[in-house]
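>>> Have a look; sequence and predicted model below, questions after that.
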Amino acid sequence: MGWTALLSEMTWLPYACYVVGGTHSLTHTAFRIIAENGGEAKTYSKVDKILLENGKAKGIRLADGTEIAAKYVVTSVDPFQLVFNLIGPEHVDDIISRKLKALSKDWTTIMWYSWALTERPRFICEDTVPDAGYCMALGFGGESSTGDVDTFINESAERRAKIWPKSLNGLYMYQGHQPGLNCNFDQCMVPPDEPEKNFRLQTEQFVLPAWKYSDDEWKAIEKNTPTI
Amino acid sequence: MIKEISKYAPNVSWDIVNGCLPVTPHFTSGLARNYGQAGNQHVIENFPSQAGKFRPIPELAGHRIPGIEGVYCTGTAWHCHGFAHCAQGYNVYKVMADDLDLKKPWEGYAY
């Protein structure tokens, strides 16, 4: 999957911006606009079906049987729930159902950690590229940084063979808060007291799909992996 | 993980770690049904046959469902690729604006 993501990041990241206060602020603002215009937002209300009549949407039905009339329905659920549950495969062409069933959906499985550090990482490369320490996102090559690109192939093959990757190639780091510097990351997420001693870091790595292990095995992985 | 980061930033060690919160595919799959049994945060993979105008499949990539009027679909399984950003929502907004003759505030701008 790498090259499409890389190209997207290269073209998209320079224009990236963030909502002050985190994504909750965005949701809260949208809710206020809906409420101020006479709308209603329902939470914990599972949608059972999109109601159709003569090939047109006429509303939705909730799991408790409540029907809500609407001319238009906008969904952000995955395409499988949309077609096989909310609409029903009988309302779409067979070729759509077949293509959906053939989609690959099990391998962009990422484990990430949010780290609380008492000081920011001081990167070796800052000696030559001072700005490196103030980037929001950094991608490390892991073992591939030594020039052995086969590690990417090996990692992919290991994951497809349902083996936990032996090398750590896809390590991405997102940094939060650069005290005293004009960083583009949202500063309000950092505790106000002693900001120099509160540094937030997020790391990502590719691992195996959730269905590979049992609940107990995943709990053990959550507990032990950071120390490996 | 700490050992790997310390290769690039030698001052990073367990001595400066206050704590960490792990989020595994198992956690992600339990968080919302959208992520499926695998806990795939992009719902479907990002490789070329499932990216851009082919995402999730060509028939649904236009944010409409063939043969059904009034249902608009979007999310991380849609154009342009799987990621937590506003592009997919903005795309469906433009499609709806075309269909419903809404104002198009983006006209005159590149996007």
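Okay, I see it.
>>> so B:Thr74 makes contact with B:Ala87?
No - applying Cβ atoms under 8 Å as the test, B:Thr74 and B:Ala87 come out as separate, 9.4 Å apart. Placement of C-beta: from N, CA and C, glycine included.
>>> Same drill for those two, tell me which one is more crowded.
B:Thr74 (21 against 16; other Cβ atoms under 10 Å in any protein chain shown).
>>> Stretch B:23-37 - what's its average pLDDT?
For stretch B:23-37, mean pLDDT is 89.
>>> now do the same end-to-end measure for it.
15 Å (Cα to Cα, to the nearest Å).
>>> So is it next to chain A?
Yes - judged by Cβ under 8 Å from any Cβ of the partner chain, stretch B:23-37 and chain A are in contact via B:23-30, B:33-34, B:36-37.
>>> filter the residues you listed to the buried ones?
Buried members of these, scored by 16 or more other Cβ atoms under 10 Å in any protein chain shown, are B:23-29, B:34, B:36.
>>> Make a markdown table out of the residues you listed and add secondary structure.
Formatted as a markdown table, these follow (DSSP: H, G, I helix; E, B strand; the rest coil):
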| residue | secondary structure |
| --- | --- |
| B:Val23 | strand |
| B:Thr24 | coil |
| B:Pro25 | helix |
| B:His26 | helix |
| B:Phe27 | helix |
| B:Thr28 | helix |
| B:Ser29 | helix |
| B:Asn34 | helix |
| B:Gly36 | coil |
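>>> The residue of chain B most remote from its centre: what secondary structure?
In chain B, the residue that sits farthest from the middle, by Cα atoms, centre = their mean, is B:Asp15; the gap is 35.5 Å. Under three-state DSSP, B:Asp15 falls in the helix class.
>>> which residue ranges form the helices in chain A?
For chain A, the helices defined by DSSP state H occupy A:2-12, A:23-36, A:79-80, A:94-101, A:150-160, A:215-224.
>>> most tightly surrounded among these?
Ranked by mean neighbour count, those are led by helix A:79-80 with a mean of 22 (mean count of other Cβ atoms under 10 Å in any protein chain shown).
>>> what's in contact with it?
A:100, A:103, B:36, B:43-44, B:56-57, B:60, B:73, B:77 (Cβ atoms under 8 Å, 6 or more residues apart in numbering or on different chains).
>>> Try it again at 6 Å.
Identification of contacts with helix A:79-80 by Cβ atoms under 6 Å, 6 or more residues apart in numbering or on different chains yields A:100, B:56, B:77.
>>> got any ranges where the chain has weak pLDDT?
No chain in the question, so chain A it is. Applying pLDDT under 70 to chain A flags the ranges A:1-18, A:22, A:134-137, A:139-149, A:168-198, A:226-228.
>>> Oops, wrong one, chain B.
Counting by pLDDT under 70, chain B shows low-confidence ranges at B:111.
>>> possible to save the contacts of helix A:79-80 as CSV with distance to A:Asp215?
Formatted as CSV, the contacts of helix A:79-80 follow (distance: Cβ to Cβ, whole Å):
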residue, distance to A:Asp215
A:Leu100, 28
B:Pro56, 29
B:Ala77, 26
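>>> Among those, which one lies nearest to A:Ser214?
Among the contacts of helix A:79-80, B:Ala77 lies closest to A:Ser214 (Cβ to Cβ), at 27.3 Å.
>>> Quick check, A:Arg122 in contact with B:Asn11.
Yes - using Cβ atoms under 6 Å, A:Arg122 is in contact with B:Asn11, at 4.7 Å.
>>> how about the strands in chain A?
Secondary structure of chain A by DSSP state E: the strands cover A:47-53, A:56-62, A:67-69, A:73-75, A:110-117, A:137-140, A:171-176, A:199-206.
>>> Thank you, goodbye.
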